[in-house]
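Asker: would you be able to build a 3D model of this:
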Amino acid sequence: MKLVLGLGNPGDFYAMHRHNIGFIMIERLAKNLGMKMDIRKKKTIFARGKMNNIEFLLLKPLTFMNLSGEAALYMASFMKITVKDVIVIYDDMDIPLGKFKVRVGGSDGGHNGVKSIAESLKSPEFTRIRIGIGRPKKGGDIADYVLSPFTKTERENLRTISDGIIDAVKLCMFQSPVIAMNKYNKRD
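Answerer: Residues are numbered from 1 along each chain as shown. Modelled structure (predicted):
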């Protein structure tokens with residue numbers, strides 16, 4: 001079984017903020033797969049499916065970003081999902097807006113949601129779909145930046161890469177993260 005987590009903060013206030021790109025993309029993935037994320041259990045909301053003989057869960061932690069590991073650990077333990085079968089979709093300031101990268105393992109890069117998941121699962125060896133949100137202007141506050149909404153132009157930019165992100169996640173789920181990396185991690 002695969003566990004795909006989209007990271008974000010719960011509530012309407014955060015819905016279109018940069019830090020919620022994981023929630024945005026997991027909802028788009030669910031729609032692409034013809035699913036609704038409407039099952040609620042212990043600090044999570046998720047959908048359960050099966051495709052190509054692979055069972056999977058699409059999940060949004062409802063713990064707020066910095067405690068995402070609680071939801072990941074609960075579901076991975078409950079469903080007996082190994083770390084190598086966990087895929088996390090989240091925002092990354094080190095990648096320019098309009099770009100994304102696929103990676104297995106590595107550091108948390110200062111992302112508290114990813115740090116929480118690695119600590120809770122006792123391993124950083126899960127697959128990551130890192131979606132670029134860019135950085136604030138020089139001297140700008142990072143917290144204010146990630147907790148601010150995307151501009152109209154930025155939303156349009158993200159729409160143009162949504163299909164690629166969804167394809168990359170599906171490649172990770174149903175084939176291999178290596179295939180997704182080879183297809184999408186091109187050098188610019």
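
Asker: does the residue nearest the centre of the chain count as helix, strand or coil?
Answerer: Nearest to the mean C-alpha position of the chain, counting by CA atoms, centre = their mean, stands Ile89 at 1.3 Å. Classification of Ile89 using DSSP: H, G, I helix; E, B strand; the rest coil returns strand.

Asker: residues in contact with Ile131?
Answerer: With contact taken as CB atoms under 8 Å, 6 or more residues apart in numbering, Ile131 is in contact with 21-22, 25, 89-92, 95, 100, 158, 161, 165. (Glycine included, C-beta is placed from N, CA and C.)

Asker: okay, the residue nearest to the centre of the chain: pLDDT?
Answerer: As predicted, Ile89 sits at a pLDDT of 98.

Asker: test my guess that it contacts Ile26.
Answerer: Yes - under the criterion of CB atoms under 8 Å, Ile89 makes contact with Ile26 at 6.1 Å.

Asker: okay, Arg187: pLDDT?
Answerer: Predicted confidence (pLDDT) for Arg187: 56.

Asker: and if you look at Phe126?
Answerer: The confidence metric pLDDT takes the value 98 at Phe126.

Asker: for Thr44, what are its contacts?
Answerer: 59-62, 71, 74-75.

Asker: before we move on, what about Thr127?
Answerer: 84, 86-88, 102-104, 172, 177.

Asker: distance check, it against Val178.
Answerer: 10 Å (CB to CB, to the nearest Å).

Asker: tell me where the longest helix sits in this structure.
Answerer: With secondary structure taken from DSSP state H, the chain has its longest helix at helix 152-174.

Asker: tell me what it is packed against?
Answerer: Packing partners of helix 152-174 (3 or more CB pairs under 8 Å, 6 or more residues apart in numbering; DSSP states H and E): strand 2-6, helix 21-32, strand 54-61, strand 86-92, strand 100-104, strand 127-132, helix 177-184.
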